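Visitor: Predicted coordinates and the sequence they were generated for:
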There are 4 protein chains.
Amino acid sequence: MKGYGMFNVGNHGWLEKEKPTAGPLDAILRPIAVAPCSSDTHVMHGGAGPKENRILGHEAVAQVVEVGNLVRKFKAGDTVVVPCCTPDWDEVSLQKKGSNNAHDSELMKSFKLVSSMDGVFAEYFKINHADANLVLLPEGVSVDAALMSVDMMSTGFYGVEMADVQFGDTVVVFGIGPVGLMAVAGARLRGAGRIIAIGTRPNCVELAKEYGATDIVSYKEGDIVEQILAMEGKVDCVIIAGGNAGSMNQALSITKPNGTIANVNFYDATESFQIPVLLWGLGMSDIKIRGGFCPGGAYRIEKMLSLIKNDRVHPEKLLNYKFEGFDKIKDAFILMDEKPRDLIKPVVHINWD
Amino acid sequence: MKGYGMFNVGNHGWLEKEKPTAGPLDAILRPIAVAPCSSDTHVMHGGAGPKENRILGHEAVAQVVEVGNLVRKFKAGDTVVVPCCTPDWDEVSLQKKGSNNAHDSELMKSFKLVSSMDGVFAEYFKINHADANLVLLPEGVSVDAALMSVDMMSTGFYGVEMADVQFGDTVVVFGIGPVGLMAVAGARLRGAGRIIAIGTRPNCVELAKEYGATDIVSYKEGDIVEQILAMEGKVDCVIIAGGNAGSMNQALSITKPNGTIANVNFYDATESFQIPVLLWGLGMSDIKIRGGFCPGGAYRIEKMLSLIKNDRVHPEKLLNYKFEGFDKIKDAFILMDEKPRDLIKPVVHINWD
Amino acid sequence: MKGYGMFNVGNHGWLEKEKPTAGPLDAILRPIAVAPCSSDTHVMHGGAGPKENRILGHEAVAQVVEVGNLVRKFKAGDTVVVPCCTPDWDEVSLQKKGSNNAHDSELMKSFKLVSSMDGVFAEYFKINHADANLVLLPEGVSVDAALMSVDMMSTGFYGVEMADVQFGDTVVVFGIGPVGLMAVAGARLRGAGRIIAIGTRPNCVELAKEYGATDIVSYKEGDIVEQILAMEGKVDCVIIAGGNAGSMNQALSITKPNGTIANVNFYDATESFQIPVLLWGLGMSDIKIRGGFCPGGAYRIEKMLSLIKNDRVHPEKLLNYKFEGFDKIKDAFILMDEKPRDLIKPVVHINWD
Amino acid sequence: MKGYGMFNVGNHGWLEKEKPTAGPLDAILRPIAVAPCSSDTHVMHGGAGPKENRILGHEAVAQVVEVGNLVRKFKAGDTVVVPCCTPDWDEVSLQKKGSNNAHDSELMKSFKLVSSMDGVFAEYFKINHADANLVLLPEGVSVDAALMSVDMMSTGFYGVEMADVQFGDTVVVFGIGPVGLMAVAGARLRGAGRIIAIGTRPNCVELAKEYGATDIVSYKEGDIVEQILAMEGKVDCVIIAGGNAGSMNQALSITKPNGTIANVNFYDATESFQIPVLLWGLGMSDIKIRGGFCPGGAYRIEKMLSLIKNDRVHPEKLLNYKFEGFDKIKDAFILMDEKPRDLIKPVVHINWD
């Protein structure tokens, strides 16, 4: 079968691989919609270390083709939403109360579509622990909206959860790419009062406002920290969904004691935080710092889909480049790699008939 | 000065009392808008035990007339929002982490406008610990919306907080009087997916939908529990904001293990819960039960006002009976006591010029 | 093979059944130590409804005899500690953050050794999801201590966790049977200050003091509530590990606003709570009420065993009746059913050589 | 009156100042036991910026000499325990749920004995908000133990709370000075299993073991990180109570995903964290990072004293240098500044008769 991915670091194209086979707990799926993500191109460029002959892609809505003999809930023909993170639920570490399920056997190891399996840009792909990871596409939820729930929305909303947003809190969101935009939408849905989004791209600014941002701050207008302190003083919560290691310093500069900074940004492996201890009150500031990876599994995605179905949020608005046909995965991937200034998020719809 | 209240249990009317004087930490205020509450009429009928010669009322926006010599933040002429609960912040019990501030020296003792001081239906009234309890009316917030924040919204939203609503949860709200309606609005703002409101009055039903209810269940259509189980199965969160002691049994019947029931209903002192242990899984169900009183203090109300100012919620829509003039407090009070079927919440605006 | 259990409600004895077989994720075990529990005799008397031809028992340390072909971590010959609750980790409900794992598909359904499988009083028994449920007996942990971790300690300590004990809190524990004694030990280990245990049996009183109780209250000395209020006033946390539905009323009478009541008592199915709303502050008291079943799974038991291994607690002191030999399960079961006044907990050691 | 402190940065000695006077909410106290702290000498050397003519000291047990006219709970002659942090409880920020009270109007501003008032090394000193900050010395608690509760124990135990220690968790404590030792004791009291303490000084090592450390790791035996990974692998919780900015890197290297790092170390203002993002999983590790200042106020100290009174912890064992007489404050201060290798913590007892 065909799949789009990387031959090795820096080289991408169509790969020819064997169709995957289902273990007893697995499902074999055929994608009906996929979305390239900046982590796909990041991995292709070596961001996750050397990988060879690997199909990429981890955001998909798909049809079930075949299930393992222990799978009880799904059958061939079902249309399912596929979490980007698909934990092995037999891993004991996941039983820790309140833990994020992204790290089953170790750091980020639940992100199997990137860490240990071929991805979704393929004629067929495999999902482990199908009963505990897949979700039937609910009636009343569009494929596009569902597709945006599995990573963009789950990640952005996790930023909001980690930031511990309370009713009426002022929240700053660094970055208004697709994850930052979802963090804005999530902050409003979690009860934030003022939401200050940091970004400059016009269509993202517009969507940020539609999703609930009350204020936009741009580095073009001057120093970010000074602008925020001038307009609001220190804030309750900061969500970092863009920028670089220096964003943490900015975040520390604008957060109140007893406030929280939540990171969902994927820093470049070559970076270092360089933080004068004074920014963290010599270690005494009671500013909490959290950072984590997109939670997956069926329960998480069911909850995201419930928000969509009940008309609370419209993540499909992120999709501003649309492609039709399996072959167009290549174009969409290249688009994501080139990131034109007006790109928010591309989708490829696939009709297998 | 004049004030409206109770001569003794069951008898209400205009009282003549001395104008209150400010202790060092107090403020003396003059109401510019007040709202009678069912707890006022409840107290008048003896619901809080025997009381005599007591001015009632605990929801007000007001002007500062005079402050004690230790008050630093407020001065005569300021327009302030008055929390219905005004704790004595020197009480040590309030320092417990995560506790509700409604119980300073003991159960509900922070509710001083009812428990130990004259209320706001007066030409002048006193507020203790002014610096820590009062909030300047923010620009961009209407008097009506602010007035609805001090009890209705703070109470309804506290129900949502106690219910521990998480993104995408299904929430049932018992009762769509003003507090229940605010619980509906708060559940949406906290990230609920499906919100099922239980009630029958047409204008409340309409407002419940506007505030975010996706479904309405009425006892007129059959058994409440059966209807909810049929439409959804068991749910994540239940907020009781109306009904009677039997509502707890209904709530237990529809809540999942690991779900939460939150009560903000004021039960009649003569009632008893009669709960077969089976409804609570013989004590093993992991259904959490919480119930509490409206939180007050300045921080709480600032956060409520931030939501209003940032256009997240419109509590002023509760006010569907409007009166003008101090003298009309009597009519508004009688209206609340009679509770016509279309009443949601009355307001009295007072212009002292 | 032979197993001890119930023919039907009220009748117990040796049953002859087929040796269980391992599904792909299961393990087949042979017990080396078991402990009858009052829930076993309770079930025999019909406490869990009609059951027929059922082997009982859910507390065991055992040897692995055989594992399913998907089991990776265990092999024949391993000595393992068996949680009394063995969830099916593919159930999506378990993915809810912070939830108790006792309720996989529904209420208490993770308690498979009682709800849906034969128990451990058998020559062989089966455990589902072996990799995620079993724990190797750690070096430095005795079989007896490990045996007491799987239900008595996990349950008692869960009471402490639900009660949200904070440093220096005053904790009351109702009942000093084996679970109550573990709640006392757990409360001390969680940072309680004063611990008031309610009970009368002399050897339990002695052990309660050894485990950390600072005060003992007995109904023989007068009303429980009056005694506690006289010695301490209201308290922060109450753990109910004995008594009947009326214990909840006593608990409500002695708990502070913002305090917590945690129930780990198994009420009799015929009981009802009869609680005047006044005891719960008319619904406004902010006394939290929680109640749940023993958490299981490997992570939980690993943590219990870590406490034992590091010499923090000695649950084996509960075992004051000891039997040797598989055949003695009958005597131990009858002893538990008769509950002589000096019984805390019996153990049966089994040497298969 | 006389007081010991700093003339200016780097110069210390006896100062002559006016006896403080009590505002309406204040108390004037006379110390009966004080303990110099490394933060006192740190401030003297300029660690809190330029200060002149300032009496130092913030750990005291004292006698009430005079109270302001609004103080209700204390009177001249009372023996009281004085929290090192004495918030102004009218500050609205303190009403935030779950917040640490050390930061009333801004960062660490509740630490008034250092930030804005003269300290306790004086014939007389003042405490604000006496009713909400002071605690009567309870019967059954020694002056020495009480003295160690106000900063050393409250700080060390706060490290444990921030680290979110759960039953059976493995905890690493960096540093076994007095705060680190209290973190060890607190971790045991909060339910830790294995406790690995990092340090080398023989008497501290001995006391760490007595307080509950199961393992000691010394840099003299090799790399700290390697030693811990070799003996345990990654751990659940790390408490940093010593070291320098590089300790954070070590902590990140040994903490599991979903684990927590809690800092109670006072970093030197000239330091910077230099953290390769890889150590924090590129921002995705779900390792929580917290750091905060000693909580104060009466409730906190009451809880610490309850632990002491109920024989759960013996913080007085920290005091291994004892002085008698007000004049000896100088010697104790110089001792703390010189920090001989066997010093844990000095105390000065003062008998005013």
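Guide: Here it is on my side, so go on.

Visitor: need the residues of chain A near chain C, please.
Guide: Applying Cβ under 8 Å from any Cβ of the partner chain, we find that chain A lies next to chain C at A:24-25, A:70, A:89-98, A:101, A:129, A:131-132, A:297-300, A:302. To be clear about C-beta, it is placed using only N, CA and C from the backbone, and glycine gets the same treatment.

Visitor: ok, and which of those reach chain D?
Guide: Subset of the residues of chain A next to chain C in contact with chain D: A:Ser93, A:Lys96, A:Lys97, A:Gly98, counting by Cβ under 8 Å from any Cβ.

Visitor: hmm, the helix or strand hosting A:Ile275 in reach of chain D?
Guide: Per DSSP states H and E: A:Ile275 is located in strand A:272-276. Yes. Using Cβ under 8 Å from any Cβ, we find that strand A:272-276 touches chain D at A:Ser272, A:Phe273, A:Gln274, A:Ile275, A:Pro276.

Visitor: distance of A:Gly23 from chain B?
Guide: Separation of A:Gly23 from chain B (Cβ to the nearest Cβ, to the nearest Å) stands at 30 Å.

Visitor: cool, A:Ile216 as well?
Guide: Separation of A:Ile216 from chain B (Cβ to the nearest Cβ): 14 Å.

Visitor: close enough to count as contact, that residue and A:Ile195?
Guide: No. In this structure, A:Ile216 is not within contact of A:Ile195 by Cβ atoms under 8 Å, at 9.9 Å.

Visitor: neighbour count winner among those two?
Guide: Remark: of A:Ile216 and A:Ile195, A:Ile195 carries more neighbours, 28 against 18, as counted by other Cβ atoms under 10 Å in any protein chain shown.

Visitor: Give me the distance between the residue of the stretch 201-350 of chain A at minimum distance from chain C and B:Leu229.
Guide: Relative to chain C, the nearest point of the stretch 201-350 of chain A is A:Tyr299 (3.5 Å; Cβ to the nearest Cβ). In this view, A:Tyr299 and B:Leu229 are 21 Å apart by Cβ to Cβ, to the nearest Å.

Visitor: More neighbours: which of these two?
Guide: Set A:Tyr299 next to B:Leu229 and count neighbours by other Cβ under 10 Å: A:Tyr299 wins out with 23 against 14.

Visitor: tell me what the helix or strand containing the more buried one is packed against?
Guide: Assigned by DSSP H and E, A:Tyr299 belongs to helix A:297-309. Counting contacts by 3 or more Cβ pairs under 8 Å, 6 or more residues apart in numbering or on different chains; DSSP states H and E, helix A:297-309 packs against helix A:130-133, strand A:135-136, helix A:143-148, helix A:154-162.

Visitor: what inclination does the longest one have with respect to helix A:297-309?
Guide: When you say that, I think you mean helix A:154-162. When axes from the mean of the first three to the mean of the last three Cα atoms, to 10 degrees is applied, the directions of helix A:154-162 and helix A:297-309 differ by 90 degrees.

Visitor: Need the contact partners of helix A:154-162.
Guide: With contact meaning Cβ atoms under 8 Å, 6 or more residues apart in numbering or on different chains, helix A:154-162 is reached by A:83-85, A:100, A:171, A:173, A:178-187, A:189-190, A:239-241, A:260, A:262-264, A:290-296, A:300-301, A:304, B:167.

Visitor: For it, C-alpha coordinates in CSV please.
Guide: Extracted in CSV, the C-alpha atoms of helix A:154-162 (Å, rounded to 0.1, in the frame of the first residue of the first chain):
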residue,chain,number,x,y,z
SER,A,154,-7.5,18.5,22.8
THR,A,155,-4.1,20.2,23.0
GLY,A,156,-5.4,23.7,23.3
PHE,A,157,-8.0,22.7,25.8
TYR,A,158,-5.4,20.9,27.8
GLY,A,159,-3.5,24.1,28.0
VAL,A,160,-6.6,25.7,29.5
GLU,A,161,-7.0,22.8,32.0
MET,A,162,-3.3,23.0,33.1
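
Visitor: what distance separates it from the centre of its chain?
Guide: Computed by Cα atoms, centre = their mean, to the nearest Å, the chain-centroid distance of helix A:154-162 equals 9 Å.

Visitor: Equivalent analysis for the second one, please.
Guide: The chain centre lies 19 Å from the centre of strand A:135-136; the measure is Cα atoms, centre = their mean.

Visitor: Repeat that for the third one.
Guide: Here helix A:143-148 shows a centroid-to-chain-centroid distance of 13 Å under the convention Cα atoms, centre = their mean.

Visitor: Dump that helix to PDB, restricted to CA.
Guide: Listed next in PDB are the C-alpha coordinates belonging to helix A:143-148 (Å, rounded to 0.1, in the frame of the first residue of the first chain):
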ATOM      1  CA  VAL A 143     -16.000  15.100   9.900                       C
ATOM      2  CA  ASP A 144     -14.000  18.400   9.900                       C
ATOM      3  CA  ALA A 145     -14.900  19.300  13.400                       C
ATOM      4  CA  ALA A 146     -14.200  15.800  14.600                       C
ATOM      5  CA  LEU A 147     -10.800  15.900  12.900                       C
ATOM      6  CA  MET A 148      -9.900  19.100  14.700                       C
END
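
Visitor: Could you spell out the sheet neighbours of the strand holding A:Ile275, each with its direction?
Guide: The strands beside strand A:272-276 in its sheet (DSSP bridges) come out as strand D:272-276 (antiparallel).

Visitor: Averaged pLDDT, the partner strand. What do you get?
Guide: Computed over strand D:272-276, the mean pLDDT rounds to 98.

Visitor: buried subset of the residues of chain A next to chain C?
Guide: Neighbour-count burial (16 or more other Cβ atoms under 10 Å in any protein chain shown) applied to the residues of chain A next to chain C gives A:25, A:70, A:89-96, A:101, A:129, A:131-132, A:297-300, A:302.

Visitor: For the nearest residue in space to A:Phe266 that is not next to it in sequence, which residues are in contact?
Guide: In space, and not counting its chain neighbours, A:Phe266 is closest to D:Leu282: 5.6 Å by Cβ to Cβ, 6 or more residues apart in numbering or on different chains. Residues in contact with D:Leu282 (Cβ under 8 Å, 6+ apart) are A:Phe266, A:Tyr267, A:Asp268, A:Ala269.

Visitor: Most neighbours among the residues you listed, which one is it?
Guide: In terms of neighbours by other Cβ under 10 Å, the contacts of D:Leu282 top out with A:Tyr267 at 24 neighbours.

Visitor: Let me know the closest of the contacts of D:Leu282 to D:Ile55.
Guide: D:Ile55 has its nearest neighbour among these in A:Tyr267, at 46.5 Å by Cβ to Cβ.

Visitor: give me the number of residues near the nearest residue to the closest one once chain neighbours are set aside?
Guide: Among residues not flanking A:Tyr267 along the chain, D:Val277 sits closest, at 3.9 Å (Cβ to Cβ, 6+ apart). Applying other Cβ under 10 Å, we find 24 residues neighbouring D:Val277.

Visitor: I'd say A:Phe326 and A:Asp353 touch.
Guide: No. Using Cβ under 8 Å, A:Phe326 is not in contact with A:Asp353, being 12.0 Å away.

Visitor: These two: which is more packed in?
Guide: A:Phe326 (21 against 2).

Visitor: Now that one: closest residue in space that isn't a chain neighbour?
Guide: Closest residue to A:Phe326 apart from its sequence neighbours, by Cβ to Cβ, 6+ apart: A:Ile350 at 4.9 Å.

Visitor: distance of the one you found from chain B?
Guide: 27 Å.

Visitor: who touches that residue in this structure?
Guide: Contacts for A:Ile350 (Cβ under 8 Å, 6+ apart) come out as A:Pro31, A:Ile32, A:Ala33, A:Val34, A:Glu324, A:Gly325, A:Phe326.
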